[in-house]
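Enquirer: next input, structure requested:
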Amino acid sequence: MGLILNSLSGGKTSSYIAANYPADYNIFSLVRIESCPFPDKKIRQEVEDRIQKPFIGTPEDDTIIYTMLDLEQFIGSPITWVSGPTFDDVVENRGGWLPNKLHRYCTTSMKLEPIFYWWAENIGEPVGMRIGFRANEQRRAKKMLERANEDGLLEMKATFEKRKDGKNKWETVAWQKPLFPLIQDRIFKDQVENFWKDKPVRFAWMNNCVGCFHRNEILLKKMFELHPEKMQWFADQEIGRGGKGTWRTGITYEAIKAHKLQFELFENDFTECDSGSCGI
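Expert: Numbers count the residues shown, from 1 in each chain. Predicted coordinates for the structure are as follows:
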């Protein structure tokens, strides 16, 4: 495999890869929303300069912005920032209904596709993509590899031009070979945590969207306490969808908001799936 990319999510594990496995490119895909303004206007402008798009806020913990800026300084190598359509645009126009566990198109639209189209414009030949699966996550790696073609490459259905009738012309492109260095080197979560204890990189309590529908109801209720404005954005999407569904089957986020949380939660109370797992 020729060029190597480190896919960064803003969490400790993918950041560990960036710090310990140098690559030709480190790339981070920022998810944006059209509300909940990031509080530091100077940093907000810096983000806009990096992604070359308007940036108001993110549905993730705001700390993720500082994580990526800190990480770039720590590793001494540039991090390429990309960003797709806003989450508002995705839920309004992309699927016709809210994404959910069965139709997880939000990850494709806002994480995978921005990286893919950057790759198509700047590289255009298959690359090795390092993925932050740890040594105990071999099942996740196996599941990803099962989607690869006979050459071991993942494919993306993409459009680069219009047909004569004005509709998008689609093609399937083989573009990346998943690589799992932490599985290969037997790196577990405790090793990742210990590595970052004395390092000058700020991390969120949990990365990925604060209202991710993969998180369980207790954790989502906790997120309403930690990030009330961002979580209200998620609740408002259900209210304003006009019958286009809910994030979770059988319960609305307004109902989760009304839950009474009777005990304190800690990060290790939750499995990787509960934590979102939107890294690629």
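
Enquirer: part of a strand, is Met68?
Expert: No: according to DSSP: H, G, I helix; E, B strand; the rest coil, Met68 belongs to no strand; its state is helix.

Enquirer: quick check: closest non-adjacent residue to it.
Expert: Phe28 (5.4 Å; C-beta to C-beta, 6 or more residues apart in numbering). The way it works is simple: take the backbone N, C-alpha and C, and place the C-beta from them, glycine included.

Enquirer: the one you found reaches Trp81, doesn't it?
Expert: Yes: assessed by C-beta atoms under 8 Å, Phe28 is found in contact with Trp81 at 5.4 Å.

Enquirer: what is in contact with those two at once?
Expert: Met68 (C-beta atoms under 8 Å, 6 or more residues apart in numbering).

Enquirer: so the residue nearest to Met68 sits in a helix?
Expert: No: counting by three-state DSSP, Phe28 is located in no helix; its state is strand.

Enquirer: could you check the pLDDT of it?
Expert: On pLDDT, Phe28 comes in at 98.

Enquirer: count of residues packed around it?
Expert: 27 (other C-beta atoms under 10 Å).

Enquirer: now do Trp175
Expert: Neighbours of Trp175 (other C-beta under 10 Å): 20.

Enquirer: before we move on, what about Glu161?
Expert: By other C-beta under 10 Å, the residues close to Glu161 number 8.

Enquirer: skipping adjacent residues, who's closest to it in space?
Expert: Lys169 (5.2 Å).

Enquirer: could you do Pro22 as well?
Expert: Per C-beta to C-beta, 6+ apart, closest to Pro22 is Ser77, 7.0 Å.

Enquirer: please name the residues that touch Asn207.
Expert: By C-beta under 8 Å, 6+ apart, the residues touching Asn207 are 9-11, 60-61, 64, 67, 276.

Enquirer: what subset of those is buried?
Expert: 9-11, 60-61, 64, 67, 276 (16 or more other C-beta atoms under 10 Å).

Enquirer: among the residues you listed, which lie within helices?
Expert: Taking DSSP state H as the definition of helices, the buried ones among the contacts of Asn207 contribute 64, 67.

Enquirer: now do the strands in the protein.
Expert: 4-8, 25-29, 79-82, 127-130, 154-162, 168-179 (DSSP state E).

Enquirer: partner strands of the fourth one and their direction?
Expert: Which is strand 127-130. strand 4-8 (parallel), strand 168-179 (parallel) (DSSP bridges).

Enquirer: among these, which is the most enclosed?
Expert: strand 4-8 (a mean of 24; mean count of other C-beta atoms under 10 Å).

Enquirer: other residues contacting that one?
Expert: 14-15, 17-18, 21, 23-28, 68, 71, 79, 115, 119, 127-132, 176, 179, 279-280.
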